[in-house]
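Colleague: fold the following, please.
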Amino acid sequence: MDAAIDVSVNPARLLSRKQAALLAALILALAAVALWVLQPLAFLPWSGTVHPSLLPQVLTGALLGGVALLAPFLIESSSAQALSSRIGRAAYIALWIGVMELFALLVSSRLVPLETLVILAVTACLGALAFGFQMAAAAFPGVYTGGVFLWLIGLPVLAYFTAEIAMMIPAHAAWGSENSGVYAIVRSMLNLSPSTFVIALLNGVQADGSEVSWWLPLAGIATMVAVSILVLARQKLRIEQSSEVHSVQS
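Modeller: Residues are numbered from 1 along each chain as shown. Next up, the predicted model:
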């Protein structure tokens, strides 16, 4: 029995000390955010500026941002490790992220009414995004930070700017009609960005008041995961071929 199978028998070994510490820090950060929103300690800076009814959205947004930032540090950096092992570890960490989100939403549901299907859908999306972020961080370390920033923050900001500019144009058909091209572009950008999509799941509607689209964000997440795994597999194949050449030459 090889080492990879031994690790899978004991799931606790799937987390290194660094990964466990990062997940623990993420849990403490979520607890701090919850205390800031619920303001049991009045001396916290800007305490009370966010209404407690927004607790699910704030906790979900904080967890999504934290996972995106920590993904390069959560994924195994050793390219010599088996690809299946790296995927298994990333999936295990993503499962922990999903459990965190599930617990946060269950606690929030004591204050804010949340449907069971909404809780499960948001939890599944956070887990899938956590897995995808780790794969993307491993496959594209040089451009990951900029890419995820544009995806999570840049795309919604661009959508809002596009809507504002369109509403300033005198042309009557520039905005307002669901059949207009600008409206469709803005709605697609809001649905494609995970940040606005996940929050829209909690709100029940997208930021522009339209219905939440499922196929576009899910296609984006699936594409990120598939492309990242293919790149990692190709990198692993090159390393194995290079090592074989060196061994033959030696």
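
Colleague: can you give me the helices for the chain?
Modeller: With DSSP state H as the criterion, the chain has helices at 3-9, 17-38, 55-74, 83-108, 116-139, 144-149, 155-168, 181-192, 194-203, 215-249.

Colleague: need these in TSV with mean neighbour count and distance to Thr49, can you?
Modeller: Heads up, the C-betas are built off the backbone N, CA and C, glycines and all. Conversion of the helices of the chain to TSV gives the following (neighbours: other C-beta atoms under 10 Å; distance: least, C-beta to C-beta, whole Å):
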stretch	mean neighbour count	distance to Thr49
helix 3-9	11	45
helix 17-38	15	9
helix 55-74	21	11
helix 83-108	19	18
helix 116-139	22	24
helix 144-149	16	25
helix 155-168	15	21
helix 181-192	19	24
helix 194-203	22	18
helix 215-249	13	29
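
Colleague: now render these as TSV, adding distance to Gly209 and mean pLDDT.
Modeller: TSV is the format used below for the helices of the chain (distance: least, C-beta to C-beta, whole Å; pLDDT from 0 to 100):
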stretch	distance to Gly209	mean pLDDT
helix 3-9	47	40
helix 17-38	25	90
helix 55-74	16	94
helix 83-108	23	92
helix 116-139	18	95
helix 144-149	26	94
helix 155-168	11	85
helix 181-192	10	85
helix 194-203	10	92
helix 215-249	17	80
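
Colleague: so what's the backbone phi/psi at Pro113?
Modeller: The phi/psi pair for Pro113 (degrees, to the nearest 10) reads phi -60, psi 120.

Colleague: that one: neighbour count?
Modeller: 9 (other C-beta atoms under 10 Å).

Colleague: list the contacts of it.
Modeller: Counting by C-beta atoms under 8 Å, 6 or more residues apart in numbering, Pro113 touches no other residue.

Colleague: try it again with 10 Å
Modeller: Ser53 (C-beta atoms under 10 Å, 6 or more residues apart in numbering).

Colleague: okay, it: pLDDT?
Modeller: Looking at Pro113, its pLDDT is 89.

Colleague: in the chain, which residue is most central in space?
Modeller: Geometric centre of the chain, nearest residue: Leu129, 3.7 Å, by C-alpha atoms, centre = their mean.

Colleague: that residue contacts Ala94, correct?
Modeller: Yes: judged on C-beta atoms under 10 Å, Leu129 makes contact with Ala94 at a distance of 8.2 Å.
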